[in-house]
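A.B. asks: next come a sequence and a model predicted from it.
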Amino acid sequence: MLRLSWSTFRERGQLFVGALLTVCLGVALVQSSLLILLAAATGGYVEAITLLGMTLAIATFLAVFIVASTFAFTVAQRRRDLALLRLAGAGRSQVRRLLLGEAVLLGLLGTGIGVPLGLLVQRAQTALLTGLGFVPAEFAVPWRAWIVAVSAGIGTGVAVAGVLAASRRAARVRPLEALRETGAAARVMTASRWFFGVLFLGGAVALAIVSSFAGPVAAIPLSINIAITASIGLSALSPLVVPLVGRLVGPLLRGGPLGTLAAANLRDGVRRSASTAAPLLVLVALLLGLSGTLTTLGAAAEHELRQDVRADLVVTTDGPPSVAGVPGVAVASTELSLRVPLTVTTVDDGEVETDTDAAEAVAVDPADYQRTHHRTAAEGSLADLRGHSIASGEHPLGSVVDARIGDRTVPLRVVAVLPDSFAGADVLLPRALVPPAVAEHAPAHTLVRLDPGADPARVAADLGEGRVQTAEAWVARAAAQQQDTSAGIMTVIMGLAGLYTLIAVVNAVVIGAAERRREFAVARVSGLGRGQVVRAALVESWAVAAIGLFLGGLAAAGAVAGIGAAAVRSTGAWLVGVPWPLLAAVVAGACVVVGVTSVLTSLVATRPRPVSLVGAGE
Amino acid sequence: MTAPQDTGTAPRRADLPAPAVELRGASRDYGSGQARVRALDGVSIAFAAGSWTAVMGPSGSGKSTLLHCAAGLEQVSAGQVLLSGDDITTAGERELTELRRGRIGFVFQSFNLIGSLTAEQNVTLPLRLAGRRVSGKQVRQVLASVGLDDRRRHRPRELSGGQQQRVAIARAMVTRPAVLFADEPTGALDSGSARQVLRLLRGMVTSAGQTIVMVTHDPAAAAAADSVVFLSDGRIADRALAPSAREVAERLARLEA
């Protein structure tokens, strides 16, 4: 069977190029991300770890998704060959093994190219992470020999996982189909498509509901998950949408013959249309979903911060500034930002378990803090924040956590529970707990309220030391910084998803056009010019791109809906962000890529004289 | 030479060997309700072992359906199908796969070779699918018997139509099937290649006692068979023993009139 897989592989290389590239890229990205992740974990670079984790998940998902949609398509195109095998005595399991054999070959070949490619990707990824400031410049990634085995496992695993569904479909091809000249029109909306479509769509809705209650903490991973499940569901159901769009295209072109032909082709080639639309769908869902989530989070955080702060000026310094005695200052709340590892010890059935997490802590003077912030505790009171105490959003009131501040560990009692927040710190500590040696170097901001009638400019000049800005400017600056980090995350994810989609879309268009040489020839024999055939194909491919963009937009809306609802509920303001420039860029990019590929491939497919193709039966 | 017998309802005499293929009151309907079409209407026919029968009839007369039902590719809506005396009417997927591996072979109008495999690989495919070992000698023998020993390593697209059809015949014959089903085997060939293919089939019947059931449009091809069955509207309309091509054409013309 493996020999047959190999010869199919060689003969129908064109069908596999896209899948092969996808597996290569998947292997390269997973290998590089894993190696960098290990190095980053040793160094404790949290943002880099989060980002690489997301990259890993998305790279693997996209690779499986694209291999799966490519193979579903190739099986549809090889129906006759597969039926012939069945006729020659192949059992169902043999057909399945043939496909899985192809997957293993694909995986091994993909690993062979992917491993060296991974080294290049690793260099690019490290440079990107350094450039975005997620890791320091001297960050180095050691090579680990065992990663090759992992890569091989990933490569074959991705390929086999992708081909699994297609191989089951292939095994169901009936031998009689080899004898039919036209091939019985295979039902596209199969029971399993309905099943998975509805299941995943339902899952996405459930996740969106969860996300609206989970709040900002889990917003990003949840939104990625929603985008992914919704895209699987919608692409399974996409054959339902294709004919609807087909009906729209005709009237749009005012019933001209090309419009009619393109619309008819859309309805006829539902599977082909669905395969081209699928990768665009995922791209849009991930990009817009993630970017919309980040924008929403950013807007909500900014809104919340603005509502919370009761100050006129903010002084930014390293270490606490000396503001005492400056005339015109009514209250000054100096807040130090620290990263504090918190350890929770639980005793469960006599077993002692400890769990340590690094928290973003702000050390404050509780009295000053309360006079410069609107925010109050959800339970307990911030006024109790003295001695060995802590205010936290994550730990129950009255529990004890061990905090490592500087080089000593202190047990702290939770005296206040903070409300859910889009901005601000994870925990608040009394400033007295921070030893001077640590405080001296901690980044600090001091919220200053002025006496009535004091001149802000005068006070600002008197404060002198450090950076003084109005509270309004400080909030805006904090929001802008948040946006920069978001933009960095987006750059990494977007580049990744975009690259995959590019491969998948080009692949689907190329395979589609190559198999349509005869159809194009028939159209030309019926009186269409070569240019008209190419234009009809272009219209058709744009319609398909529109389907992908539309459904992707739907999935993205789902991804943003959950966190959007949470933001609306918590802030009372409508803060759902739509990333319009990104949306425009994706639409334009998709139209250009799909259009250029479609024109080129249909030009190639129509190069031979039509008669030579119409006559040949095989 | 044995003519196909209309077995009807009369019991067959016990001392006769079982026919290679037999249909008993076989009907096949397509569609349902208003759109129901009866492609095969209560056909009873036995194809004796070692005989070559041509099935003819106007387009839509049910000849392809007859072939598909006899080969177990389609299930009959009513009636029975027997292969060497075994009832395969309700055979399951596994049983039918076994059947295709050893007891029946197919040849088509459009050759249906697998493009990625060489002639030799195409021929040995059924044996390998059945998990049998294939000796080089055996393959050469089979290919030599269709006159293509020197084209072993060519791929289908490097062969002429006639050569491709001979590879297809070799592939069908390599498992030594009880029955060879042929669907318009000369339909896509020029007259020279067609004659060559018919000579090849004749040789297999005469020298090895091969049973062949062949659907065709071509009176010349039908005349090469031992006997011809004419179908019309899903029923057996006529039959002829060793007719000439001219006789076949005349009877066909009468049916179509």
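C.D. replies: Good, I have the coordinates.
A.B. asks: so which helix or strand takes in A:Leu4?
C.D. replies: Following DSSP states H and E, one finds A:Leu4 within helix A:2-11.
A.B. asks: got the contact list for that helix?
C.D. replies: Outside helix A:2-11, the residues that touch it by C-beta atoms under 8 Å, 6 or more residues apart in numbering or on different chains are A:16, A:81, A:98-99, A:101-102, A:104-106, B:115-117, B:121, B:125. C-beta: built from backbone N, CA, C; applies to glycine.
A.B. asks: now with 10 Å?
C.D. replies: With contacts defined as C-beta atoms under 10 Å, 6 or more residues apart in numbering or on different chains, helix A:2-11 is touched by A:15-16, A:20, A:74, A:78, A:81, A:85, A:90, A:94, A:97-106, A:109, B:114-118, B:121, B:125, B:128-129, B:155.
A.B. asks: buried sites along that helix?
C.D. replies: Neighbour-count burial for helix A:2-11 flags A:4-5, A:7-9 (criterion: 16 or more other C-beta atoms under 10 Å in any protein chain shown).
A.B. asks: for stretch B:122-138, same thing?
C.D. replies: B:122-130, B:134.
A.B. asks: send the alpha carbons of it over as PDB?
C.D. replies: Provided in PDB are the C-alpha atoms of stretch B:122-138 (Å, rounded to 0.1, in the frame of the first residue of the first chain):
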ATOM      1  CA  ASN B 122      -1.400  -1.900 -12.800                       C
ATOM      2  CA  VAL B 123      -1.500  -5.600 -13.700                       C
ATOM      3  CA  THR B 124      -0.200  -6.800 -10.300                       C
ATOM      4  CA  LEU B 125      -2.400  -4.400  -8.300                       C
ATOM      5  CA  PRO B 126      -5.300  -6.900  -7.800                       C
ATOM      6  CA  LEU B 127      -3.000  -9.600  -6.600                       C
ATOM      7  CA  ARG B 128      -1.200  -7.200  -4.200                       C
ATOM      8  CA  LEU B 129      -4.500  -5.900  -2.900                       C
ATOM      9  CA  ALA B 130      -5.500  -9.500  -2.200                       C
ATOM     10  CA  GLY B 131      -2.200  -9.800  -0.300                       C
ATOM     11  CA  ARG B 132      -0.700 -12.400  -2.600                       C
ATOM     12  CA  ARG B 133       2.900 -12.600  -3.600                       C
ATOM     13  CA  VAL B 134       3.600 -11.800  -7.200                       C
ATOM     14  CA  SER B 135       6.500 -13.400  -9.100                       C
ATOM     15  CA  GLY B 136       8.200 -11.500 -11.900                       C
ATOM     16  CA  LYS B 137       7.800 -14.400 -14.200                       C
ATOM     17  CA  GLN B 138       4.000 -14.600 -13.700                       C
END
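A.B. asks: follow-up on the earlier one: of the contacts of helix A:2-11, select the buried ones using a PyMOL command.
C.D. replies: A single PyMOL command selects the buried members of the contacts of helix A:2-11 (16+ other C-beta under 10 Å):
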select buried, (chain A and resi 15+16+20+74+78+81+85+90+94+97+98+99+100+101+102+103+104+105+106+109) or (chain B and resi 114+116+117+118+121+125+128+129+155)
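A.B. asks: now, which of the buried residues of stretch B:122-138 lie close to chain A?
C.D. replies: Under the cut-off given by C-beta under 10 Å from any C-beta of the partner chain, chain A has B:122, B:125-130 from the buried residues of stretch B:122-138 close to it.
A.B. asks: can you pull the contacts of residue 78?
C.D. replies: As the question left the chain open, I've gone with chain A. A:Arg78 touches A:8, A:12, A:15, A:71, A:84-85, A:99, A:170, A:173, counting by C-beta under 10 Å, 6+ apart.
A.B. asks: wait, chain B was what I had in mind.
C.D. replies: Here B:Ala78 is in contact with B:25-29, B:40-42, B:89 (criterion: C-beta under 10 Å, 6+ apart).
A.B. asks: from these, which ones fall inside strands?
C.D. replies: Per DSSP state E, strands hold the following members of the contacts of B:Ala78: B:25-29, B:40-42.
A.B. asks: strands along the stretch 351-500 of chain A, start to end?
C.D. replies: A:351-364, A:379-380, A:389-392, A:400-405, A:408-417, A:427-430, A:443-450, A:467-470 (DSSP state E, counting those that start in this stretch).
A.B. asks: between the ones you listed, which one is closest to A:Leu280.
C.D. replies: For A:Leu280, the closest of these is strand A:351-364, at 37.7 Å, according to C-beta to C-beta.
A.B. asks: buried set for the closest one?
C.D. replies: Within strand A:351-364, judged by 16+ other C-beta under 10 Å, the buried ones are A:359, A:361-364.
A.B. asks: any chance of JSON lines for the residues you listed, columns pLDDT and distance to chain B?
C.D. replies: Shown next, in JSON lines, are the buried residues of strand A:351-364 (pLDDT from 0 to 100; distance: C-beta to the nearest C-beta, whole Å):
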{"residue": "A:Ala359", "pLDDT": "79", "distance to chain B": "60"}
{"residue": "A:Ala361", "pLDDT": "86", "distance to chain B": "65"}
{"residue": "A:Val362", "pLDDT": "88", "distance to chain B": "67"}
{"residue": "A:Ala363", "pLDDT": "89", "distance to chain B": "71"}
{"residue": "A:Val364", "pLDDT": "89", "distance to chain B": "73"}
